[in-house]
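Participant: I'd like to go over a predicted model; first the sequence, then the structure.
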Amino acid sequence: MTTDTRRKEIAIELKIDNRGVRIGGICKGAGMIQPGMTRSGGRHATTLAFITSDAAIDSRLLKCALEIAVSQSFNRITVDGDMSTNDSVIMLANGLAGNRRLAPRRSGIRVSLHRDFGIFQAALNHVCLELAKMIVRDGEGTTRFITLHVHGARNAREAESAARSIANSSLVRTSWCGGDPNWGRILCALGYSSAHVDEKIVDVGYANLASRKIIFAFQRGRPTNAALNALAQIASAPEFDLHVDLHCGHGKFVLYASDLTEDYVTFNKGDMNDPSSLGG
């Protein structure tokens, strides 16, 4: 468990081929979190996850399904932007559910998927995303969980760059800690991202968790007349959504992030008089 303060686990059951199929997972992670796991390697962090299923599924298809699920979950979280070298999400499936085996089907040069694969993929996506969110919520010293939506980038790559620049900014994260809806720090982080940004058309808005009602603090390049108290009430909640629209294209990205607190610093700074506190 290292620095984790709670267990992170989930299990669900679904129907495939009229058979009950189960997917269960556990994971650990609280600090040094910004995974970037790919089949060929890449950036890594101290995240470990183990997922099992009794589905009957082709091993290549299982690997493909896991990569899709990880790209939408573990690769979309950050606690502190730091990375280590032992990121792992491992999945095993033993086939004991007895469903008709999920496997690619070839017809000439075309490859189609078993009609139930979409059901399995959606379930696996859900398991991985819930586990990933548990890591952020248990981040070292974390008091706020932020779902950051970047819209309107020129492409997905620029949307991701914009999101990570915001979510890993120390100034932005400390303002989140204080419940301060500080759009100026967000614009600053956007400015040094690799995304194309025209500050004259950017929108920055806050919303209660999963609410469609967005209160904009900054819109079309200008501060709005939104009441500071209304914005602060949202930004002071344990969980809220932040929406940033660049109005430059159709690229979008969602990132799950946390604030930066005094407790995080205290926990990680170490004490030279206490060797056991060093080296973590």
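Facilitator: Great, that's in hand. Residues are numbered from 1 along each chain as shown.

Participant: Quick check: which ranges of the stretch 1-150 of the chain have low pLDDT?
Facilitator: For the stretch 1-150 of the chain, the stretches flagged by pLDDT under 70 are 1, 32-33, 35-46, 84-85, 106-113.

Participant: at 80 what do you get?
Facilitator: 1-5, 29-46, 82-87, 105-114 (pLDDT under 80).

Participant: what about the strands in it?
Facilitator: 9-16, 19-28, 48-53, 88-93, 105-107, 110-112, 145-153 (DSSP state E, counting those that start in this stretch).

Participant: For the last one, output the C-alpha coordinates as CSV.
Facilitator: This points to strand 145-153. C-alpha atoms of strand 145-153 as CSV (Å, rounded to 0.1, in the frame of the first residue of the first chain):
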residue,chain,number,x,y,z
PHE,A,145,-10.9,16.2,-7.0
ILE,A,146,-11.1,18.1,-10.2
THR,A,147,-12.5,16.9,-13.5
LEU,A,148,-10.8,19.1,-16.1
HIS,A,149,-12.5,19.3,-19.5
VAL,A,150,-10.5,21.0,-22.3
HIS,A,151,-12.6,21.7,-25.5
GLY,A,152,-11.9,23.4,-28.7
ALA,A,153,-8.2,22.7,-29.2
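
Participant: and that strand, what other elements does it pack with?
Facilitator: helix 117-137, helix 156-167, strand 239-245, strand 251-258 (3 or more C-beta pairs under 8 Å, 6 or more residues apart in numbering; DSSP states H and E). The way it works is simple: take the backbone N, C-alpha and C, and place the C-beta from them, glycine included.

Participant: Try it again at 10 Å.
Facilitator: helix 117-137, helix 156-167, helix 170-177, strand 203-208, strand 239-245, strand 251-258 (3 or more C-beta pairs under 10 Å, 6 or more residues apart in numbering; DSSP states H and E).
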